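# Predicted model and sequence below, questions to follow.
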Amino acid sequence: MDFESCDKRGAMSGTLRLDRFDDEFFARVTPAEWQRILSVRDHPRFLDGAAHYDESVPALFANNFVLSKAVTEISRFLMIVLALHLHDSADPDDPTTGLTLSRLQRLCKDYQIASPGSVAAFLGVMFLAGYVRRQRSNRDKRVIHLEPTPKFIAIVESWNRAILQSLDAIEPEMRLAEAHAAHSRFGWDMREGGAQYVLGGWKPLDPFPEAMHFVTCDGGWMLLCHCVAEVLRIGEHREIVPVSLDLAAFGRRFGVSRSQLRRMLEGAHQKRLLVEPPRNGRHVLMSERLLAASLGVKAFELGTYRACAHAVQRALMATGS
């Protein structure tokens, strides 16, 4: 897809404006979803939360090449959500529930998230990395369940904490990270809420296909997060400025080749997602459209997670926990 640009005018003027493409973005979502996006994106402290997201989430994947291969690309992220949902909703007395290869394959096929072969490969990587283990059902020895290991749950909870801290940067009064630390089921219940959104058809990238060029490549989402974080830092939340990347160092950090990163950036320039040639990463000038789309994805994500976290908070208050 080629994204024609009145972007260049905005990027070169130095202004950071997030609403220039709202008519296009709005046309891709339901009114309720758009309001959830705007409720976060138009908050006065949204860019503080986005900056925290872009700085903290990549740190969870740095120097962990197996984890990066398992969960950075969007379909694998959604597979994680559904896998945890199947595990969390299991009935120990019913062997037809829980996480199995065939159940995850069926869900991913039904929701057009991934092919059965991709699901099998994904779970294979997770098993070899020690993120899931096999457990034969006590009720039916023919059934082999896959259970997330403490090693993987610790990573998931770290991710939850990073997201909640990002939300707290926007709304400090909510103290979501504090609630997460105080209640052992907070993260589990929040994830189940997120799974229900996915089962309801939520796909955070659908309104912002501009970001798909990066998200469908290994290391691409991490690279985009890093670039946005640098733009916000150097531009002080006011300007779109060029940033410089050490592609060799970035590749070592996330297990991606320098040539792959270079091709990704060159392809982004060909699609007019970058305003000027990236010069092997030394001059990455994001278009206004790409920056608005990237921050829109984060607003959509954070708005959905906030809705889940608030629901858990209300449930805790109702029970006096």
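Received the coordinates, thanks.
# So what does residue 284 have for phi and psi?
Here is the backbone geometry of residue 284 (degrees, to the nearest 10): phi -100, psi 100.
# same check, this time on residue 94
The phi/psi pair for residue 94 (degrees, to the nearest 10) is phi -130, psi 100.
# Could you do the one 4 residues further on as well?
With angles defined as degrees, to the nearest 10, residue 98 shows backbone torsions of phi 100, psi 180.
# Excluding chain neighbours, what is closest to it?
Leaving aside its chain neighbours, residue 98 sits nearest to residue 90 (3.5 Å; criterion: C-beta to C-beta, 6 or more residues apart in numbering). Bear in mind the C-beta positions are built from the backbone N, C-alpha and C, glycine included.
# again with residue 29
That would be residue 207: by C-beta to C-beta, 6+ apart, it lies 4.6 Å from residue 29.
# ok, now residue 251?
residue 258 (4.9 Å).
# go on, residue 235?
residue 241 (4.5 Å).
# List the contacts of the residue nearest to residue 251.
247-248, 251 (C-beta atoms under 8 Å, 6 or more residues apart in numbering).
# Can you say which of these are buried?
247, 251 (16 or more other C-beta atoms under 10 Å).
# Which members of the contacts of residue 258 occur in helices, if any?
Taking DSSP state H, the ones among those that sit in helices are 247-248, 251.
# where are the low-confidence patches of the stretch 201-321 of the chain?
321 (pLDDT under 70).
# Helix or strand: which one has the nearest residue to residue 308 once chain neighbours are set aside?
Excluding the flanking residues, the one nearest residue 308 by C-beta to C-beta, 6+ apart is residue 193, at 3.4 Å. In the assignment (DSSP states H and E), residue 193 maps to helix 186-199.
# neighbouring contacts of that helix?
Counting by C-beta under 8 Å, 6+ apart, 78, 81-82, 84-85, 88-89, 111, 156-157, 160, 179-180, 304-305, 307-309, 311-312, 315-316 sit against helix 186-199.
# switch the cut-off to 6 Å
78, 81, 84-85, 88, 157, 160, 179-180, 304, 308-309, 311-312 (C-beta atoms under 6 Å, 6 or more residues apart in numbering).
# likewise stretch 26-38?
By C-beta under 6 Å, 6+ apart, stretch 26-38 touches 207, 299-300, 303.
# same thing but at 10 Å, please
Stretch 26-38 is contacted from outside by 19, 22, 25, 46, 197, 201-202, 204, 206-209, 296-304, 306-307, using C-beta atoms under 10 Å, 6 or more residues apart in numbering.
# got it, and stretch 93-102?
82-92, 103, 106, 116, 119-120, 122-124, 132, 134-148.
# again, 7 Å this time
Applying C-beta atoms under 7 Å, 6 or more residues apart in numbering, the contact partners of stretch 93-102 are 83, 86-87, 89-91, 120, 123, 137, 139-140, 143-146.
# Quick one: mean pLDDT over that stretch.
Stretch 93-102 carries an average pLDDT of 92.
# first to last residue in stretch 261-280, what's the distance?
End-to-end distance for stretch 261-280, by C-alpha to C-alpha, to the nearest Å: 9 Å.
# quick revisit: checking my notes, the residue nearest to residue 235 in a helix, right?
No. Under the criterion used here (DSSP: H, G, I helix; E, B strand; the rest coil), residue 241 is coil, not part of a helix.
# going forward can the numbers begin at 30, since that is how I track them
Yep, numbering from 30; the last one is residue 270 now.
# okay, now it: neighbour count?
Neighbour count for residue 270, taken as other C-beta atoms under 10 Å: 18.
# Roughly how far does it sit from residue 199?
Separation of residue 270 from residue 199 (C-beta to C-beta, to the nearest Å) stands at 23 Å.
# and what of residue 172?
For residue 172, the distance to residue 199 - C-beta to C-beta - is 43 Å.
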